[in-house]
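Enquirer: sequence and predicted structure are below.
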Amino acid sequence: MNELVHLPDPALQPLVHPLDLREARRPFRISWLVGALTNPPVALCLAALTWFASGSYVVPLIAGAALIGFGALAGRYYAEQAWAFIPRKRQDRTRPLPIGWQLAANILFPVELAAVLVLVLRRLDQLDVSTGVRQVTLWMSLAVGLVVLGQFVVLIARGTTAGSRR
C-alpha cells in the first residue's frame, strides 16, 4: 500500500481528523462551507427570497430543491475526498469543529431569516393586506426570532452548536 500523506504517529495520536492533515484540510473546508450554505433552512430562505423576486411559485421550489440536492451531493463529495486520506480505523469523526466554524454556521441562518422577514414586512405594508394578517405575521415573526435567538444562546452556553459533529 502506498500512502499519500504522512499520518501522525499512532502512539501519540491514534485518531486523526482531516483538519490535522494539510492535504485533507481544503476538501474538508469546502465540504463544511457547502453544507453550511446549502442546508434546508438556508434553502427555505433562498426560496422565500426567490418567491419575492419572481412572484412565481414554481421558481422558488426549483431553486430550493436544487440548492439542497446539489449541495448535499457536492458536500458529500468533498467530505469523502477529505476522509479518504485517513484509514477508517484512525478516523476521528466525533471531534467537534472549531468554535469559529460553529458560530459562523449558526449565524448564517438568522441573518438570512432577517432578510426574509424584512421582505415580508415590506409586503405587509401594502394596502391590500388586512390588519389581522399583519398582526399575526408580526407576532409569529417575533416568536420565530426569539426561538432562533434562544437556541443560539443555549448552544453558546453549552459550548457546542448544531452541526458540530460530522
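Expert: Received it, and whenever you're ready, just let me know what you need. Numbering: from 1, shown residues only.
Enquirer: in the chain, which residue is closest to the centre?
Expert: Central residue of the chain (C-alpha atoms, centre = their mean): A36, 2.6 Å from the mean position.
Enquirer: leaving out chain neighbours, which residue sits closest to that residue?
Expert: Once flanking residues are discounted, A36 sits nearest to A105: 4.5 Å by C-beta to C-beta, 6 or more residues apart in numbering. Placement of C-beta: from N, CA and C, glycine included.
Enquirer: run through the neighbouring helices and strands of the helix or strand bottoming out on mean pLDDT in the chain.
Expert: Within the chain, no helix or strand scores below helix 99-124, which has a mean of 80 by mean pLDDT, DSSP states H and E. Under the contact criterion of 3 or more C-beta pairs under 8 Å, 6 or more residues apart in numbering; DSSP states H and E, helix 99-124 touches helix 22-37, helix 40-54, helix 131-158.
Enquirer: any chance of those in a markdown table, plus mean pLDDT?
Expert: Converted to a markdown table, those look like this (pLDDT from 0 to 100):
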| stretch | mean pLDDT |
| --- | --- |
| helix 22-37 | 94 |
| helix 40-54 | 83 |
| helix 131-158 | 83 |
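Enquirer: nearest to A11, out of those?
Expert: helix 22-37 (21.0 Å; C-beta to C-beta).
Enquirer: stretch 140-159: which residues count as buried?
Expert: Within stretch 140-159, the residues that count as buried by 16 or more other C-beta atoms under 10 Å are 141, 148, 152, 155.
Enquirer: kindly apply the preceding question to stretch 132-140 instead.
Expert: T137.
Enquirer: for stretch 68-80, same thing?
Expert: 68, 71, 74-75, 78-79.
Enquirer: in helices, which of the residues you listed appear?
Expert: 68, 71, 74-75, 78-79 (DSSP state H).
Enquirer: between the residues you listed, which sits nearest V116?
Expert: I68 (16.6 Å).
Enquirer: so who does the closest one touch?
Expert: 38-40, 43 (C-beta atoms under 8 Å, 6 or more residues apart in numbering).
Enquirer: any chance of CSV for the buried residues of stretch 68-80, columns distance to L7 and pLDDT?
Expert: Formatted as CSV, the buried residues of stretch 68-80 follow (distance: C-beta to C-beta, whole Å; pLDDT from 0 to 100):
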residue, distance to L7, pLDDT
I68, 34, 94
G71, 30, 95
A74, 26, 97
G75, 24, 96
Y78, 20, 97
A79, 18, 96
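Enquirer: of the residues you listed, closest to P27?
Expert: Using C-beta to C-beta, the buried residues of stretch 68-80 come closest to P27 at Y78, 4.5 Å.
Enquirer: thank you kindly, that will do.
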